[in-house]
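Colleague: Just a sequence and a predicted model for now, questions to come.
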Amino acid sequence: MSIRILLVDDHKIMRDGLRALIEKEDAMEVVGEAQDGRQALKFVGEHAPDVVILDIGMPGLNGIETAGKIAAGHPCTKIIGLSMHSDRRFVSEMLKAGASGYMLKDCAFEELILAIRAVIADQIYLSPSIAGVVLEDYVNHLAGSDAAARSTLTHREREVLQLLAEGKSTKEIALVLDVSGKTVETHRRHIMSKLNVYSVAELTKYAVREGLTSLEP
């Protein structure tokens, strides 16, 4: 039986390249693609793929938040984070969200195949170049301080913060989240109060620093 894989990345050229390489492998098939976190959640809910290869720096709903929602609703689906970032914030938050693997985008394709087979076997797979980062993080008990944004804000507040940082208006955020503009403004006030930050510029800096968005084009 083939391993059924969903590719999630906001760059089509990346998805096309991964699909072409994966489909050359025996017992692996790409069953779907998504360009953002919300599309990914919809696909996982409808098709329950075995593995989701998930870009971290996506607009709208980043890979960390997407991974958390997939892990909570579909624990049998394995998640591999794929990123340009080796920073411990991204690595530790992705693993805590429920990912079983974390790969850097500059890794060799053969490494990704190893990661897919590892997570299907209920193992954790990390790119060798970041394994030391994760080990150091746990040894020094840094995960708690690095997760300040996620322990302070609710899931919905983190979603609103990301969208604010990405330049979305109150009306646009309300449309994306299917809530009223008044609800968005309430979340915004709560976020600013909790973080003691009172400008969009400072909110944006905070969101980038804490890994909620990378603001990649």
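Modeller: Noted; the coordinates are in hand. Numbers count the residues shown, from 1 in each chain.
Colleague: For Ser86, list the residues it contacts.
Modeller: By C-beta atoms under 8 Å, 6 or more residues apart in numbering, Ser86 lies in contact with Leu104, Ser127, Ser129, Ile130, Val133. (Glycine included, C-beta is placed from N, CA and C.)
Colleague: Now do the SS call for it.
Modeller: Secondary structure state of Ser86, per DSSP: H, G, I helix; E, B strand; the rest coil, is coil.
Colleague: roughly how far apart are it and Ser92?
Modeller: 12 Å (C-beta to C-beta, to the nearest Å).
Colleague: Now list whatever residues contact both of those two.
Modeller: Contacts common to Ser86 and Ser92, judged by C-beta under 8 Å, 6+ apart, are absent.
Colleague: most surrounded residue in the contacts of Ser86?
Modeller: When neighbours are counted by other C-beta atoms under 10 Å, Ser127 leads the contacts of Ser86 with 22 neighbours.
Colleague: Check for me that Glu29 belongs to a strand.
Modeller: Yes: counting by three-state DSSP, Glu29 is found in a strand.
Colleague: per the record, what domains does the chain have?
Modeller: 3-139, 147-209 (automatic domain parsing).
Colleague: Just give the closest residue to the residue most central in space within the chain, not the sequence neighbours.
Modeller: Closest to where the C-alpha atoms of the chain average out (C-alpha atoms, centre = their mean) is Gly63, at 1.4 Å. Of all residues not flanking Gly63 in the chain, Ile56 sits nearest, at 3.7 Å (C-beta to C-beta, 6 or more residues apart in numbering).
Colleague: What is the neighbour count of the one you found?
Modeller: That count, for Ile56 with other C-beta under 10 Å as the rule, works out to 29.
Colleague: who's in contact with it?
Modeller: Asn62, Gly63, Ile64, Gly81, Leu82, Ser83, His85, Phe90, Met94, Ser214.
Colleague: Among the residues you listed, which lie within helices?
Modeller: Gly63, Ile64, Phe90, Met94 (DSSP state H).
Colleague: got those residues as TSV, with pLDDT and distance to Leu175 columns?
Modeller: Shown next, in TSV, are the ones in helices among the contacts of Ile56 (pLDDT from 0 to 100; distance: C-beta to C-beta, whole Å):
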residue	pLDDT	distance to Leu175
Gly63	91	22
Ile64	91	23
Phe90	82	28
Met94	87	28
